[in-house]
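1. next comes the sequence, and after it the predicted model I'd like to discuss.
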Amino acid sequence: MPLDSFVFVACVSGVFATIVLDLWQRVLFVISGIPPTNWALIGRWFAHLPRGRFIHRPIGESAAVPGELALGWVMHYLVGLIYGFVYVGLMTYGFDRLPSVSNGAAFGAASVVIPWFILQPGLGIGVMGRLAPNPLVPRLNALVSHIIYGIALCAGSWLAGILVWPMGHN
């Protein structure tokens, strides 16, 4: 895959999957009452990183930061883009495979290590949400959300591929 096509496919894949994740969180809230991610708290966590604060007990009690909501959303989509590059790059150049539902789901499942071992402890709910009131909720929510996200990375790469290589184009 030429570099310019790779960049396009990776960007579309990452942004598309992040939008799907955001929509999934809204659907999950409607059907289960589990609230969507509070991106202001994620922005607060990122804003405290340069100050040397990685773990909060809990993040809601840490000092608010001006612009934390905007920062949270920007970081959410930036991380989504990075995942797009990692997934498409790994499939294309690492494994010499086309994106598929199965490798997208596997990638998503593997990517859950980030929230379980970095973000959840950083937000003050411990490794794999063990300090949350019901630890099973953040564990399963992260796992299911990341699997859906991984499948959406695949779908986004397919969508981008259709745009890059229209049907009948050699």
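-> That came in fine, so what should we check first?
2. state the pLDDT value of the nearest residue to residue 88 once chain neighbours are set aside.
-> Excluding the flanking residues, the one nearest residue 88 by CB to CB, 6 or more residues apart in numbering is residue 10, at 4.3 Å. Using the backbone N, CA and C atoms, a C-beta is placed for each residue, glycine as well. Looking at residue 10, its pLDDT stands at 96.
3. which residues in this protein form strands?
-> Along the chain, counting by DSSP state E, no stretch forms strands.
4. what separates the residue nearest to residue 88 from residue 54, distance-wise?
-> Noted for residue 10: a distance of 28 Å to residue 54, by CB to CB, to the nearest Å.
5. now do residue 101
-> Residue 101 sits 35 Å away from residue 54, going by CB to CB.
6. so the residue nearest to residue 88 touches residue 84, yeah?
-> Yes - the criterion here is CB atoms under 8 Å, and residue 10 meets it with residue 84 at 4.5 Å.
7. pLDDT below threshold where in this protein?
-> Along the chain, the model assigns pLDDT under 70 to residues 164-170.
8. and the residue nearest the centre of it?
-> residue 80 (5.1 Å; CA atoms, centre = their mean).
9. which residues are in contact with that residue?
-> Residues in contact with residue 80, defined by CB atoms under 8 Å, 6 or more residues apart in numbering, are 14, 15, 17, 18, 21.
10. is it possible to get CSV of those residues that adds neighbour count and distance to residue 135?
-> Formatted as CSV, the contacts of residue 80 follow (neighbours: other CB atoms under 10 Å; distance: CB to CB, whole Å):
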residue, neighbour count, distance to residue 135
14, 28, 29
15, 16, 31
17, 27, 26
18, 22, 26
21, 21, 22
